[in-house]
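>>> could you look at this predicted model? Sequence included:
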Amino acid sequence: MPGGRLTQQERQQIALGLADGLAYAEIARRLDRPTSTVTREVMRNGGPTSYRPDLAHRAAEHRAHRRRKPAARAQGAGAAPQHAGRDTEAVREYEETFTTVFMQSGLPKMTARVLACLFTTDSGSLTAAELAAHLQVSPASVSKAVTFLESQGLIRRERDVRRRERYVVDDDVMYQSTMASAHSIAHLGEIARQGVGILGPGTAAAARLENIARFVDFVSESIARAADQAREVLHTKSTER
């Protein structure tokens, strides 16, 4: 049934589709499922080259069993606060979908899980203990993830009134991340242009590097300009409300 949990037979069909080189959308169409369901299923179970339907089914059963445990455990002292009235299962599924999207963009799984957790928290701010409790992972795993996210401009650190370190995402996070990406692309252009002089103007290699430099210069400038324009428009709209 579309919307329900995947069956073992459906997972076998996903594996067959992957073996035949079918796109996620085509596999989903044959199963009468959303493409996001198939994408999430494959990405959180090893990816298209390592997906094993039996292992994936056992992992899903384990997750379902874990979610049936008393709610008190999930609301322990270090857990992230939950909004009353929300469907906890639906929120969890959405977090997993968000995590899959971040993984497809190149983020490691734990880093993607931490970012998705922060993005879907009303406060946009959690301590390491709250993240570890919510994701049921070690504090060390959280530490590695937030260090990477901070280096990419996706989160920032601050201390609350109790002097606890908190990890924060806010309305400006995508602007900061986009600008960091633009700067990274621009740096690639600088390095490529250095190679022109080293390899010798007029050579095929130098010409190739010059083309790369010109391309990434244009892209990085366009990204930065679009980010500035978007922030200005959105900021203006938010202040007019």
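Structure's in. What do you need?
>>> quick one: mean pLDDT for the helix or strand hosting residue 28?
Using DSSP states H and E, residue 28 sits in helix 24-31. For helix 24-31, mean pLDDT is 92.
>>> any idea how this structure splits into domains?
For the chain, the structural domains run 8-68, 79-168, 173-240, going by automatic domain parsing.
>>> got the contact list for residue 169?
Contact partners of residue 169, counting by Cβ atoms under 8 Å, 6 or more residues apart in numbering, are 115, 118-119, 124-125, 154-155. C-beta: built from backbone N, CA, C; applies to glycine.
>>> actually, residue 157.
Contacts of residue 157 by Cβ under 8 Å, 6+ apart are 146, 150, 165-168.
>>> how about the helix holding residue 28: buried residues?
24, 27-28, 31 (16 or more other Cβ atoms under 10 Å).
>>> low-confidence bits of the chain, can you list those?
1-3, 65-84, 237-241 (pLDDT under 70).
>>> 50 - rerun?
1, 70-77 (pLDDT under 50).
>>> in it, which spans are helices?
Ranges of helices in the chain, per DSSP state H, are 8-19, 24-31, 35-43, 53-67, 71-74, 88-104, 109-119, 128-135, 139-151, 173-199, 204-240.
>>> for residue 160, find the nearest of the ones you listed.
helix 128-135 (11.4 Å; Cβ to Cβ).
>>> mind giving me the packing neighbours of that closest one?
helix 109-119, helix 139-151, strand 165-168 (3 or more Cβ pairs under 8 Å, 6 or more residues apart in numbering; DSSP states H and E).
>>> what about the contacts of residue 157, which one has the most neighbours?
residue 167 (25 neighbours; other Cβ atoms under 10 Å).
>>> tell me the bridge partners for it.
residue 126, residue 157 (DSSP bridges).
>>> which residues sit in contact with it?
114, 118, 125-128, 131, 146, 149-150, 155-157.
>>> kindly provide the distance from it to residue 36.
Distance check for residue 167 against residue 36: by Cβ to Cβ, to the nearest Å, it reads 26 Å.
>>> same thing with residue 182?
According to Cβ to Cβ, residue 182 and residue 36 sit 29 Å apart.
>>> those two - which one has more neighbours?
Shown here are residue 182 and residue 36; by other Cβ under 10 Å, residue 182 has more neighbours (21 against 15).
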